[in-house]
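>>> prediction below, plus the sequence it came from.
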Amino acid sequence: MGYLLQNVKIASEEELKPTNILIRNNLIKDIGEKITPSGEDTLIGCRGKTCVPGLIDLHIHGSYGINLMQVDPEKVLQLADKLASQGVTAFLATTAGKSIQAIKKNCSEISVAIAQQESGARIMGIHVEGPFFNKSSPARGANNPSWLRTPDLEEAKEIIEACKGNLKLFDIAPELPGAREVVDLMLSQGVTVSAAHSDATYDQAQKGFDWGINHLTHTYNGMRRIHHREPGIVIAALLDNRVWLEIIADGQHVHPRMIELIFRLKGLLGMGAVTDATMLAGLPPGEYDFIGTKVLLETDKAYLKEEGTLAGSIATGMDLFMNLCNWGFSEHDAAMICSTSPARHMGWTEIGEIRVGAKADLIILGDRGAAITFIDGQIAYQNQDTST
Ligand SMILES: [Zn+2]
Ligand SMILES: [Zn+2]
């Protein structure tokens with residue numbers, strides 16, 4: 001048994017005629033104008049609607065009141081289920097802050113969830129944001145300085161252990177003493193290493209990229225500013241073909257033209273959109289106590305009450321996709337930035353693409369977001385308002 005999506009437009013570089021997609025088991029089995037379904041296939045008429053690969057978020061701390069920095073396995077799985085409604089089909093559960101003990105506990109709770117997962121957006125692993133960041137510079141962003149510390153090899157080993165093989169992405173400020181040893185350790189374990197919350201100069205950043213750091217966390221945010229006499233870490237990453245750049249495409253953290261600048265230098269496969277969403281995403285506006293700090297939540301942004309610094313984002317995966325389309329990217333290009341490129345960068349070859357043989361993780365777009373989200377060949381979300 002499977003699904004035949006009829007009269008569906010696959011977002012592509014050139015204008016394509018609507019076609020049909022056959023899903024069997026968990027895979028895209030066939031794509032073409034003439035596909036004969038079996039009696040057991042469910043037919044879904046898509047009336048020319050657009051199909052894009054499911055969105056992939058490499059940096060998300062929570063949503064809907066669920067905080068991945070303070071979770072139990074059940075909550076992690078609830079979040080995975082809810083993300084399907086945004087068209088997100090895979091993500092890295094992202095933890096940050098506080099003590100090494102708290103980080104390790106979160107990592108081990110998330111690992112239990114990964115082992116138990118049966119539905120929802122795929123939890124591809126864990127992204128640990130910190131705690132080896134530069135506390136003496138504004139680059140620390142919304143991180144409480146008391147959480148941040150000098151890189152420590154033993155603590156890094158403990159974090160790896162707590163993740164039970166699920167650590168996929170680790171963030172560090174490369175200019176700190178001892179950073180090199182931690183980067184080497186992470187790379188030896190197959191973990192992708194990203195530069196983040198860093199005051200690195202151009203030269204310090206380049207050195208970090210030579211060690212094997214090939215990812216920049218929320219580019220422009222939480223890092224040394226670009227200056228024409230000291231270009232800093234952003235320009236070092238923009239000019240280095242080995243480095244892939246994350247951007248928070250929520251319209252608050254980065255100006256759209258700064259995203260265009262990355263696109264022009266890096267191309268679609270050198271960049272990816274992330275939400276960096278906090279637990280506040282999806283909650284009503286108001287004042288919240290957010291991991292020990294007072295945060296004001298408005299309809300389109302959240303910021304620290306005292307300093308006015310943005311406190312992560314409240315965007316959804318679908319918000320990023322739609323923002324990119326509104327800023328001039330085609331649906332195909334937006335899907336590359338929100339899905340294909342993150343998947344390629346992380347080495348996930350079976351997702352992030354609409355092609356025969358790929359995992360059937362895809363979205364049929366409605367007027368206001370995902371009309372239907374397929375994950376692993378099953379309907380994970382269907383918008384009741386949208387009849388297909
Ligand atoms: Zn951050
Ligand atoms: Zn973050």
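Arrived safely. Numbering: from 1, shown residues only. Ligands and ions are numbered 1, 2, ... in the order given.
>>> can you pull the contacts of residue 96?
Remark: with contacts taken as Cβ atoms under 8 Å, 6 or more residues apart in numbering, residue 96 is in contact with 61, 69, 103, 128, 129, 130, 131, 143. C-beta coordinates here come from the backbone N, C-alpha and C atoms, glycine included.
>>> go on, residue 22?
Contacts of residue 22 (Cβ under 8 Å, 6+ apart): 2, 3, 4, 5, 28, 29, 30, 31, 35, 37, 41.
>>> I'd like those residues written out as a markdown table, with secondary structure and distance to residue 185 added.
Below are those laid out as a markdown table (DSSP: H, G, I helix; E, B strand; the rest coil; distance: Cβ to Cβ, whole Å):
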| residue | secondary structure | distance to residue 185 |
| --- | --- | --- |
| 2 | strand | 44 |
| 3 | strand | 44 |
| 4 | strand | 49 |
| 5 | strand | 45 |
| 28 | strand | 38 |
| 29 | strand | 42 |
| 30 | strand | 45 |
| 31 | strand | 43 |
| 35 | coil | 49 |
| 37 | coil | 51 |
| 41 | coil | 49 |
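>>> now, of those, which are buried?
By neighbour count, with 16 or more other Cβ atoms under 10 Å, the contacts of residue 22 hold 2, 3, 4, 5, 28, 29, 30, 31, 35, 41 as buried.
>>> using JSON lines, lay out the contacts of residue 96 together with neighbour count, distance to residue 240 and pLDDT.
Putting those into JSON lines (neighbours: other Cβ atoms under 10 Å; distance: Cβ to Cβ, whole Å; pLDDT from 0 to 100) gives the following:
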{"residue": "61", "neighbour count": "25", "distance to residue 240": "27", "pLDDT": "96"}
{"residue": "69", "neighbour count": "20", "distance to residue 240": "31", "pLDDT": "88"}
{"residue": "103", "neighbour count": "25", "distance to residue 240": "29", "pLDDT": "95"}
{"residue": "128", "neighbour count": "29", "distance to residue 240": "23", "pLDDT": "98"}
{"residue": "129", "neighbour count": "25", "distance to residue 240": "21", "pLDDT": "95"}
{"residue": "130", "neighbour count": "23", "distance to residue 240": "23", "pLDDT": "86"}
{"residue": "131", "neighbour count": "25", "distance to residue 240": "26", "pLDDT": "93"}
{"residue": "143", "neighbour count": "22", "distance to residue 240": "25", "pLDDT": "76"}
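>>> can you list the residues of this structure near ligand 2?
Residues of the chain lying close to ligand 2 (Cβ under 5 Å from the ion) are 129, 276.
>>> below-threshold pLDDT in this protein: ranges please.
By pLDDT under 70, the weakly predicted segments of the chain are 385-388.
>>> list the buried ones in the lengthiest helix in it?
Ranked by residue count, the top helix of the chain under DSSP state H comes out as helix 100-116. By 16+ other Cβ under 10 Å, the buried positions in helix 100-116 come out as 100, 102-111, 113-114.
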